[in-house]
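Asker: any chance you could fold what I've pasted below:
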Amino acid sequence: MKRRSVLLASSALLAAPLAFAQSPSRPRRVGILGVGVSTAEQQAWAKLRFVAELDRAGLREGRDIELEWRFAEGDAARLPALAQELARLEPELIVASFNPSIAAAQRATRAIPIVMVNAVSPVEQGYVASLGRPGGNVTGTAWSSPETMGKILSMLKEAAPRAVRVALLGNPGFPGVGEYLAAMRQAGNTLGMKLEYFEAVRPDDIRTALQRIAAAKPDALYVSFDTVLLAGLREIAEFCRARKLASMSNASTFVDAGGLMYYGPDLDELVERTVSFVVRILRGVKPADLPVELPSRYRLILNRRTADAIGHRLPAQILLRADRVIE
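Answerer: Below you'll find the predicted structure:
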């Protein structure tokens, strides 16, 4: 089935209330596993948006569906125990966000369906056999593809044409990041950019990494979002503003925290697609029969206040293309 047909069929499923949700004998139990901090702004938004989308699909929390949330509070080492705890509850499926959570859920159970959210290189990591034919008990959404990094980097070049030396801040221990980094380096060479990678394996590493970046004096900074850097996005944004540095991230909250720009998958679509997987699996469709989906919508968000603060003039064409501009 072509991707367009899959999306249309999924949208039709979400357009009408679920037949099984009318008078269930008890709520359907779903586990949610994440490595992030439960009180973080991004997590709070995601929880509210997820529950709202479930409700729109006819699954009201407390009446039709029971959600078991488990967060590792930024410590990936806690994920295996949390995944096993969820598996013991025998939910009808587990939603696992980002690679460390997906891997932990997969190790905990090969029987309970697992819906991936924002998987990075899921085939290379062994979560699924292929995107079109996942096999096993795992399916869901992937965070774009490595080739998309070229498009993302070219957007940074368009917003900051004079940026030649670009610092990349990321966590090399994040499973699957290698393919994306290689694609970004290749794109940088094509665009005439010199990329230098700076590591932050733990949250405590962020300040040291920023000091090294300051010493390198790049023209721009790209922040590769993962659970390690999530808690430090505001600190990183303030660092960029203080040094009048053009900045970009694949975390949309970075722009709200004071970063210059975001370009990446539409997070609303991500939630919609995740819920569509939940709906179909609860209806009885096997994960092995549900192709993994890549984003079809991307959003460009700009912070004009930050541009003014760092003395950076955003080109008119990039402003016209923006889906949202923070004035």
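
Asker: need the phi and psi values for the residue nearest the centre of the chain.
Answerer: Residue closest to the average C-alpha location in the chain (CA atoms, centre = their mean): residue 118, at 4.5 Å. Backbone geometry at residue 118, expressed as degrees, to the nearest 10, gives phi 60, psi 40.

Asker: and it, how close does it get to residue 251?
Answerer: 11 Å (CB to CB, to the nearest Å). For the C-beta atoms, the positions are set from N, CA and C on the backbone; glycine is no exception.

Asker: could you give the number of residues near the spatially closest residue to residue 244 that is not a sequence neighbour?
Answerer: Once flanking residues are discounted, residue 244 sits nearest to residue 310: 4.0 Å by CB to CB, 6 or more residues apart in numbering. By the criterion of other CB atoms under 10 Å, residue 310 has 18 neighbours.

Asker: residue contacts, residue 310?
Answerer: Applying CB atoms under 8 Å, 6 or more residues apart in numbering, we find residue 310 in contact with 240, 241, 244, 245, 246, 260.

Asker: closest one of the residues you listed to residue 214?
Answerer: Minimum separation from residue 214 among the contacts of residue 310 (CB to CB) is found for residue 245, which lies at 9.0 Å.

Asker: and the closest residue to the closest one other than its chain neighbours, bridged to which residues?
Answerer: Leaving aside its chain neighbours, residue 245 sits nearest to residue 221 (5.5 Å; criterion: CB to CB, 6+ apart). Following DSSP bridges, residue 221 is listed with bridge partners residue 167, residue 247.

Asker: show me the contacts for residue 221.
Answerer: Contacts of residue 221 by CB under 8 Å, 6+ apart are 166, 167, 168, 169, 213, 236, 240, 245, 246, 247, 248.

Asker: distance of the second one from residue 310?
Answerer: Put plainly, it is residue 167. Residue 167 is 15 Å from residue 310, by CB to CB.

Asker: again, but for residue 254
Answerer: For residue 254 relative to residue 310 (CB to CB), the value is 14 Å.

Asker: give me every residue that touches residue 67.
Answerer: Counted by CB under 8 Å, 6+ apart, residue 67 has contacts 30, 31, 32, 51, 61.

Asker: and the contacts of residue 221, which are buried?
Answerer: 166, 167, 168, 169, 213, 236, 240, 245, 246, 247, 248 (16 or more other CB atoms under 10 Å).

Asker: from those residues, pick the one nearest residue 148.
Answerer: Each of those was scored against residue 148 by CB to CB, and residue 248 proved nearest at 13.8 Å.

Asker: what residues go with each domain of the protein?
Answerer: 3-144+266-297, 148-264+299-326 (automatic domain parsing).

Asker: okay if I get the ones you listed as a markdown table plus mean pLDDT?
Answerer: Formatted as a markdown table, these follow (pLDDT from 0 to 100):
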| stretch | mean pLDDT |
| --- | --- |
| domain 3-144+266-297 | 86 |
| domain 148-264+299-326 | 91 |
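
Asker: which parts of the stretch 151-300 of the chain are strands?
Answerer: For the stretch 151-300 of the chain, the strands defined by DSSP state E, counting those that start in this stretch occupy 165-170, 194-199, 220-223, 246-249, 261-265, 298-303.
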